[in-house]
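1. after the sequence you'll find the predicted model.
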Amino acid sequence: MRSNFSRRLWLCLVTREILRQPFQHQLTKVEYMTSESELLTAIAKEYWEAFLANEPLNATSLGDRRYDDKLPDKSQAGIGRIEQQYERFLERAKQLSADRLTPENALTRTALLVELESQLSYIRCHLEEWVVDPLDGPQIEFQNLESYQPVRTPTEARAMVKRWEAMAPYFNTHTLNLQRGISKGRVAIRAAVENVIDETQSLLAKPDQEWPLLRPLIVNHSDWRVEERKEFESGLKKAVRNHVRPALASYVQFLGSNLLPRSRDENLPGICHIPGGTESYRRLIRVHTSLGLTPEELHETGLMEVGRINSEMEALGAKVLGTRSRKEVLERLRNDSSLYFATRDEVAKKAEDALARAKAAISKWFGRLPKTDCVVVRMGEHEEEHSTIAYYRPLAADGSRPGQYYINTSHPETRPRYEAEALAYHESIPGHHLQIAIAAELEGLPEFRRYNGVTAFIEGWGLYTERLADEMGLYSSDLDRIGVLSYDAWRACRLVVDTGMHAKQWTRDQAIDYMIENTALAKNNIVNEVDRYITWPGQALAYKTGQLEILRLREEAKRKLGSAFNIREFHNAVLSNGAIPLEALRRTVAEYCNGKV
């Protein structure tokens, strides 16, 4: 049997000869499509292997343990190597003709082109030169590693020690990148730097044994030899003591002494205030939405959506709280302590109850269901202070870890009860877990379509399901439906404030004030959210963009199909191809409708 490399080489030679001598090679259409499709399959496979090698933390998270000893290479040379590698994949994919592919493979080619173009656009924004991230920077991300890198064998133990040791050179590279950014006038805002300093100093104030990085030592590996257990314990402790702790200390010193004095004023939070930032923002809009939208278009859409949702809030406020005044409604929602949790356990219990109800209801609304379970997990102390309200961590591809709905239980008195159900349905079922688990379990698709995808599809689906959950009868009361409107307004506000800061030169306070006036979110959550938009330009635009597209396609399908419209079949059509670009989703739904007419 030919090796994979030999087969790829043979396919390239055959294709080249066909192009040179088209009249001498009388291949049938099926044979030609087979050759073209095999070339596409080879490119997609090679790209995915390269992606896993370039993003070793993603590989570990998915259950691919080949790169457990490595961290991403964020050096200039490493980033340049990856850029050249992805350019070659893109050029090869472009050379394939969609007309010579099966419909399924034509969709794969489209998805691969968008994926590679997005990867290259992201690289060319050079965010590593200025982003200091309180939400997901290395001071947080590395502490979370142990939660998805289980140690079951001595080999995995040795890999973990090497990865922990690699954190020191990673921080050195991160610092060099930020120093290069300083020399170019590309720096983070002061609030972001202060928050990361606070997080890092809080970590350094704790003894090593309290760090999550040493939590793997709690596991009793009684089946290992004594010397293997001792080697792992000694190696991991030395890695933290001799490598990670000194690196964090140097990093926080650099932030305080070098970067903080040069950080941007909070009145200049947008990427538009960074050299090359305006062009980078347009790239990032395309990366996260997969559409050629302008900041102006997105801003106007946000304003219209905020106005529409505010009208709904006033009507529901009259029914539930006895007033149509939006100002009075928001004040009541923010200031009535009875509407907030009292304990961390209450926050977690509400999430668990909502997830259980959703699990019981989904079969009536979805023909395809995930096989993998989803569970609620409380965020760790090291990340919760400056983190968002919640997030979803996908399942491991090898089945070793279910989907996980991470909930922030800190300061429960600031966590509204009325928003908890909408949050749970977005992050777990029928939101992120259902969509992402289904994609991962699709057979016959290339891996990049199963495990990666367009942000606007993923987050748009999550937002779409918040209102879908009401159709499913999942909300406990009208008060919880007010939470749905608050969350919808929150995502509409994102279109306004993200473009406001990054394209219209809004200040940080201006963004915070706008969200206070138009959502019921607590101020501490709003501040963390606005700082997230500053740190991740363009990502917040994906939610509303994707939701509005899915809603539009659903209405179009209902109009075309009339009484033949079936919600389970529509959801199957949307979810059966992975998180594809929105333009491809339009074609997919159109084909579904045409096949039903």
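-> Yep, that arrived. Numbers count the residues shown, from 1 in each chain.

2. from L303, how far off is I550?
-> Here I550 is placed at a distance of 21 Å from L303 (Cβ to Cβ, to the nearest Å). For every residue, glycine as well, the C-beta is placed using N, CA and C.

3. same question for L176.
-> From L176 over to L303 the distance is 42 Å, taken as Cβ to Cβ.

4. walk me through the domains of the protein.
-> Dividing the chain into domains by automatic domain parsing, as the record does, gives the ranges 24-125, 138-264, 279-548.

5. tell me which of those domains sits most buried.
-> Comparing the domains of the chain by mean neighbour count (mean count of other Cβ atoms under 10 Å), domain 279-548 comes out on top with a mean of 20.

6. for the record, mean pLDDT for that one?
-> Mean pLDDT, domain 279-548: 94.

7. now the end-to-end length of that domain.
-> 25 Å (Cα to Cα, to the nearest Å).

8. same deal with stretch 215-229?
-> Across stretch 215-229, the terminal residues are separated by 14 Å (Cα to Cα).

9. again with stretch 54-73
-> Start-to-end, stretch 54-73 (Cα to Cα) is 7 Å.

10. what do you get for stretch 410-425?
-> One end of stretch 410-425 to the other measures 20 Å (Cα to Cα).

11. next: stretch 361-375.
-> Separation of the first and last residues of stretch 361-375 by Cα to Cα is 16 Å.

12. contact partners of that stretch?
-> Stretch 361-375 has contacts (Cβ atoms under 8 Å, 6 or more residues apart in numbering) with 355, 359, 395, 399, 402-405, 428-430, 433-434, 437-438, 440-441, 468, 471-474, 567-569, 571-572, 575-576.

13. among these, name the ones in helices.
-> 355, 359, 433-434, 437-438, 440-441, 468, 471, 567-569, 571-572, 575 (DSSP state H).

14. what's Y340 sitting at in phi/psi?
-> With angles defined as degrees, to the nearest 10, Y340 sits at phi -120, psi 160.

15. surely it and P416 touch.
-> Yes. Applying Cβ atoms under 8 Å as the test, Y340 and P416 come out as touching, 5.7 Å apart.

16. helix or strand: which one has the residue nearest to P446 when sequence neighbours are not counted?
-> Leaving out its chain neighbours, the residue that sits closest to P446 by Cβ to Cβ, 6 or more residues apart in numbering is A44, at 4.0 Å. In this assignment (DSSP states H and E), A44 forms part of helix 29-54.

17. centroid-nearest residue for this protein?
-> Among the residues of the chain, the smallest C-alpha distance to the mean C-alpha position (Cα atoms, centre = their mean) belongs to T455, namely 6.7 Å.

18. quick one: the strands in the chain?
-> Chain-ordered strands for the chain, with DSSP state E as the definition, fall at 374-378, 390-393, 403-407.

19. so what touches the shortest one?
-> Read that as strand 390-393. Surrounding strand 390-393, the residues in contact under the criterion Cβ under 8 Å, 6+ apart are 61, 148, 351, 377, 403-408, 423, 427-428, 431-433, 436.

20. if you set the cut-off to 10 Å instead, what comes out?
-> 61, 135-136, 144, 147-148, 347, 351, 374, 376-377, 379, 383, 401-409, 420, 423-424, 426-428, 431-433, 435-436, 458, 462 (Cβ atoms under 10 Å, 6 or more residues apart in numbering).

21. okay, now the sheet partners of it, with direction.
-> In the sheet, strand 390-393 lines up against strand 403-407 (antiparallel) (DSSP bridges).

22. quick check: longest helix of the protein.
-> For the chain, the longest helix by residue count, based on DSSP H, is helix 154-183.

23. now for that helix, which elements pack on it?
-> When contacts are defined as 3 or more Cβ pairs under 10 Å, 6 or more residues apart in numbering; DSSP states H and E, helix 154-183 packs onto helix 56-62, helix 76-95, helix 138-144, helix 226-238, helix 245-254.

24. how many neighbours does the closest residue to N195 other than its chain neighbours have?
-> The spatial neighbour of N195 that comes closest, neighbours along the chain excluded (Cβ to Cβ, 6+ apart), is P134 at 3.8 Å. Residues within reach of P134, counting by other Cβ atoms under 10 Å, total 26.

25. verify the stated contact: Q143 with W164.
-> No. The pair Q143 and W164 does not pass the contact test of Cβ atoms under 10 Å, sitting 11.2 Å apart.

26. overlap in contacts, the two.
-> Taking Cβ under 10 Å, 6+ apart as the contact rule, Q143 and W164 both touch 213, 244.

27. thinking again about what came up before, residues in contact with the residue nearest to the centre of the chain?
-> T455 makes contact with 118, 287-290, 538-543, 545-546, 579 under the criterion Cβ under 10 Å, 6+ apart.

28. would TSV of those with distance to R225 be doable?
-> Conversion of these to TSV gives the following (distance: Cβ to Cβ, whole Å):
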residue	distance to R225
S118	47
V287	49
H288	49
T289	54
S290	52
G538	51
Q539	47
A540	51
L541	54
A542	50
Y543	51
T545	55
G546	52
A579	45
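
29. now, those residues that are in helices?
-> When the contacts of T455 are checked against helices (DSSP H), the matches are 118, 287-289, 542-543, 545-546.

30. just the mean pLDDT for stretch 90-110, thanks.
-> 94.

31. from the chain's centroid, how far away is that stretch?
-> Its chain's C-alpha centre lies 26 Å from the corresponding centre of stretch 90-110 when counted by Cα atoms, centre = their mean, to the nearest Å.

32. same check, this time on stretch 563-578
-> How far stretch 563-578 lies from its chain's middle: 24 Å, per Cα atoms, centre = their mean.

33. any idea how far apart the tips of it sit?
-> Using Cα to Cα, the end-to-end distance of stretch 563-578 comes to 27 Å.

34. for it, which positions count as buried?
-> For stretch 563-578, the neighbour count (16 or more other Cβ atoms under 10 Å) marks 567, 570-571, 573-578 as buried.

35. can I get the residues you listed in CSV with pLDDT and distance to S363?
-> Converted to CSV, these look like this (pLDDT from 0 to 100; distance: Cβ to Cβ, whole Å):
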residue, pLDDT, distance to S363
I567, 97, 12
F570, 97, 16
H571, 97, 12
A573, 96, 18
V574, 97, 17
L575, 97, 14
S576, 95, 17
N577, 96, 21
G578, 96, 22
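
36. just the closest of the residues you listed to V240, please.
-> Nearest to V240 out of the buried residues of stretch 563-578 is G578 (Cβ to Cβ; 38.4 Å).

37. for the stretch 251-400 of the chain, what spans make up the helices?
-> Listed in chain order, the helices of the stretch 251-400 of the chain (DSSP state H, counting those that start in this stretch) span 277-289, 295-320, 326-335, 344-361, 381-384.

38. P394 is in contact with L62, correct?
-> Yes. At 7.9 Å, L62 and P394 qualify as touching, with contact defined as Cβ under 10 Å.
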